[in-house]
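[1] When you get a sec, could you give me coordinates for this:
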Amino acid sequence: MHFTKELNLLLKSRYPIIYISTNEELRLEYNINQLLSDEDWNINIWDFVQGYYHNPNDNGKGKRNPLEALDHIDEQYNIYTKSFFILKDFDKFLSDIGISRKLKNLYNKLKLREDLIVSNQINIPEELREIIHVVSFPLPNKYEIREEVTQLSNAVNLTLTKEFIEKLVNLFEGFNLEKIRKLFITILAEEYKIKSNYNRIILLEKQQVINRTNILELCITDQYLNDVGGLYNLKQWLKLRKNSFSRKAELYGLPSPRGLMLIGIQGTGKTLTAKAIANEWELPLLKLDIGKLFGGIVGESESNIREMIKIAEAMAPCIIWIDEIDKAFTGIYSQGDSGTTSRVFASLTTWLSEKVSKVFIVATANNIEFLPPELIRKGRFDEIFFVGLPSVIERIEIFKVLLKKVRPNTYLDYDIKYLSKISENFSGAEIEQVVIESMYVAYKYQRYQFLTDDIVNIIKGFIPLAYSNQNEINKLQNLVDSGKISK
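    Okay, the predicted model is just below:
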């Protein structure tokens, strides 16, 4: 529900004490003033240093005295007017027995009064949780960001196309308005033109903000789908959906893709593909470390999953990359952790099914047997792809990509067809390692160029992982043959 609609509903339902966590006090005050502008509400604002300061008659009341601030609310009860009180940083005083008792007394007394506690973080003592209603104040939405970017560009007489404004809107999602203003000034070059590296400047700032959460990590990569050898069907599926998060797609009525799962043995290109999607679609890539969701304090894990979802939806459109998800929920049905894993899993799967935000999930897994059936049922992901060992044709493409990267002028001099033929059952990562090893050999003997024979010798002495994982590969191949997962 939109914040103003939710707050309006709470006002009509006579919720006396509301708690809002935000560091955007000015934007919150603006939203409240907009909401109450058409009604006869008397708005009062208090902070510890100034006391009440919004109304001239009350200036300084409750200064450095939070109990007196509550007494002022009590005094206003007999005055027949609809009063709205905003108490900033008041959570710092909730543990005081006098404050706690006063709030309990006010709770049953207040009817046409609203007591709003504003704080950077949620910190409510156990004895007050039943009388305080917590409301989420979200970061600026697309409309607010678009209005801000338009106003900022007009202020410096900068003409931006609608398409470029939408690019900036997408990049600025996840920031508060104050940060957006500072970044807009940062990306302005001389003569009020946008710097050519504006994209990277904003992403680096976003990386700082997200990484501080210690749950998600913003990944900045330089891989594209052209760097992925083989996987033709998967790449076609991704290219078909490249612009599905755009404004045009939204106006067309096209539903945003939900996500995909990549299943296969190690080294087959699942991680590389996840990174390439972000660059190909020009969307930020957030890596979720499932292990960091689980905290040692009671309730911390559930709080972390909620925080992750909040950040992801604020960053939308974006891509969430969950690496090796099969290892995270192996013991989901065990009760060894008092059900924490089950609750986190339930929160994640519910969000995957019900999310309406433009968040695309890329989950990778090595062993499908470790995946709970609830996770891979239809509705969580759009498609499940088997990333198997490359065929001989795909190995040709992989060798071309890798050799072109290290020897861009002479890569066609290598006998790529023969190398592909003799590297059966090699994964993409193993082929890359073979090329690197052959370079080390040539470098050791001070040869300027490493040769096809160097690569052949490394291949002949290399034992691919597939030989020890043949049973697992056969099981995955049977699922592909049955049509349950795509290839």
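
[2] Relative to Ile45, how far out is Ile99?
    Going from Ile99 to Ile45 by Cβ to Cβ, to the nearest Å gives 18 Å. Using the backbone N, CA and C atoms, a C-beta is placed for each residue, glycine as well.

[3] likewise Glu126?
    Taking Cβ to Cβ, one finds Glu126 at 28 Å from Ile45.

[4] Between these two, point out the one with more neighbours.
    Using other Cβ atoms under 10 Å, the more surrounded residue of Glu126 and Ile45 is Ile45, with 21 against 6.

[5] Would you confirm that the more buried one belongs to a helix?
    No - read with DSSP: H, G, I helix; E, B strand; the rest coil, Ile45 is strand and lies in no helix.

[6] Excluding residues flanking it in the chain, which one is nearest it?
    Leaving aside its chain neighbours, Ile45 sits nearest to His54 (4.0 Å; criterion: Cβ to Cβ, 6 or more residues apart in numbering).

[7] One more: Gly230?
    Once flanking residues are discounted, Gly230 sits nearest to Glu394: 2.9 Å by Cβ to Cβ, 6+ apart.

[8] Do a quick rundown of the helices in the stretch 101-250 of the chain.
    Secondary structure of the stretch 101-250 of the chain by DSSP state H, counting those that start in this stretch: the helices cover 142-155, 162-172, 177-186, 198-211, 232-240, 247-252.

[9] Quick check: which of those helices is buried the most?
    Most buried of the helices of the stretch 101-250 of the chain by mean neighbour count (mean count of other Cβ atoms under 10 Å) is helix 162-172; its value is a mean of 18.

[10] Averaged pLDDT, that one. What do you get?
    Averaging pLDDT along helix 162-172 gives 87.

[11] Please apply the same query to stretch 319-337.
    Stretch 319-337 shows an average pLDDT of 72 in the prediction.

[12] for stretch 49-62, same thing?
    The predicted model gives stretch 49-62 an average pLDDT of 88.

[13] Need the residues that contact it.
    Identification of contacts with stretch 49-62 by Cβ atoms under 8 Å, 6 or more residues apart in numbering yields 42-47, 63-65, 68-69, 71-72, 86.

[14] Now render the residues you listed as TSV, adding distance to Asn33.
    Below are the contacts of stretch 49-62 laid out as TSV (distance: Cβ to Cβ, whole Å):
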residue	distance to Asn33
Asn42	12
Ile43	7
Asn44	13
Ile45	11
Trp46	16
Asp47	17
Lys63	23
Arg64	26
Asn65	26
Glu68	25
Ala69	20
Asp71	25
His72	20
Ile86	10
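
[15] Filter those residues down to the buried ones and hand me the ChimeraX line.
    A single ChimeraX command selects the buried members of those (16 or more other Cβ atoms under 10 Å):
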select :43,44,45,46,47,63,69,72,86
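
[16] Need the max-distance pair from the contacts of stretch 49-62.
    With distances taken as Cβ to Cβ, the most widely separated pair in the contacts of stretch 49-62 is Asn42 and Arg64, at 23.4 Å.

[17] re the thing from before, from memory the residue nearest to Gly230 sits against Asn233, does it?
    No - Glu394 is not in contact with Asn233 according to Cβ atoms under 8 Å; the separation is 11.1 Å.

[18] Now for the two: what residues contact both?
    What both Glu394 and Asn233 touch, as defined by Cβ under 8 Å, 6+ apart, is an empty set.

[19] what helix or strand does Asp261 sit in?
    Careful, residue 261 is Met and not Asp. strand 259-263 (DSSP states H and E).

[20] which helices and strands does that strand pack with?
    helix 270-281, strand 359-365, strand 383-386 (3 or more Cβ pairs under 8 Å, 6 or more residues apart in numbering; DSSP states H and E).

[21] For Glu25, find the nearest of the helices of the stretch 101-250 of the chain.
    Closest of these to Glu25 is helix 177-186, at 10.3 Å (criterion: Cβ to Cβ).

[22] counting contacts, what elements does the closest one pack onto?
    Applying 3+ Cβ pairs under 8 Å, 6+ apart, we find helix 177-186 packed against helix 142-155, helix 198-211.

[23] Contacts for that helix next, please.
    Contact partners of helix 177-186, identified using Cβ under 8 Å, 6+ apart, comprise 24, 27, 140, 144-145, 148-149, 152, 172, 175, 201-202, 205, 209.

[24] Quickly check these for the two that are furthest apart.
    The largest separation in the contacts of helix 177-186, counting by Cβ to Cβ, is between Arg27 and Ile201 at 23.2 Å.

[25] so how far is Asp413 from Glu147?
    From Glu147 to Asp413 the distance is 57 Å (Cβ to Cβ).

[26] And for Pro16?
    For Pro16, the distance to Asp413 equals 79 Å [Cβ to Cβ].

[27] Mind checking which of those two has more residues around it?
    Neighbour count, other Cβ under 10 Å: between Pro16 and Asp413, Pro16 has more, with 20 against 12.

[28] returning to that earlier point: what's around the residue nearest to Ile45, how many residues?
    His54: 16 neighbours (other Cβ under 10 Å).

[29] who are the neighbours in contact with the spatially most central residue of the chain?
    Centroid check for the chain by Cα atoms, centre = their mean gives Ala312 as the closest residue, at 2.8 Å. Taking Cβ under 8 Å, 6+ apart, we find Ala312 in contact with 216, 286, 318, 320, 357, 359.

[30] can you do 6 Å?
    By Cβ atoms under 6 Å, 6 or more residues apart in numbering, Ala312 lies in contact with 320, 359.

[31] any idea whether it is helix, strand or coil?
    Note that with three-state DSSP, the state of Ala312 is helix.

[32] ok, it to Leu286 distance?
    Ala312 sits 7 Å away from Leu286, going by Cβ to Cβ.

[33] Need the overlap of contacts for these two.
    Both Ala312 and Leu286 are in contact with Ile320, where contact means Cβ under 6 Å, 6+ apart.

[34] Show me the shaky parts of the stretch 151-300 of the chain.
    Residue ranges of the stretch 151-300 of the chain with pLDDT under 70: 190-191, 295-300.

[35] For burial, what's the neighbour tally of the nearest residue to Phe399 once chain neighbours are set aside?
    Distances taken as Cβ to Cβ, 6+ apart place Ile416 nearest to Phe399, at 4.7 Å, with adjacent residues excluded. By the criterion of other Cβ under 10 Å, Ile416 has 20 neighbours.

[36] Report pLDDT for Ile416.
    Model confidence at Ile416, given as pLDDT, is 93.

[37] Could you number the chain from 428 rather than 1 from now on?
    Sounds good: first residue 428 from here, last item Ile843.

[38] which one is Ser448 nearest to, not counting chain neighbours?
    Closest to Ser448 by Cβ to Cβ, 6+ apart is Ile549, at 4.9 Å.
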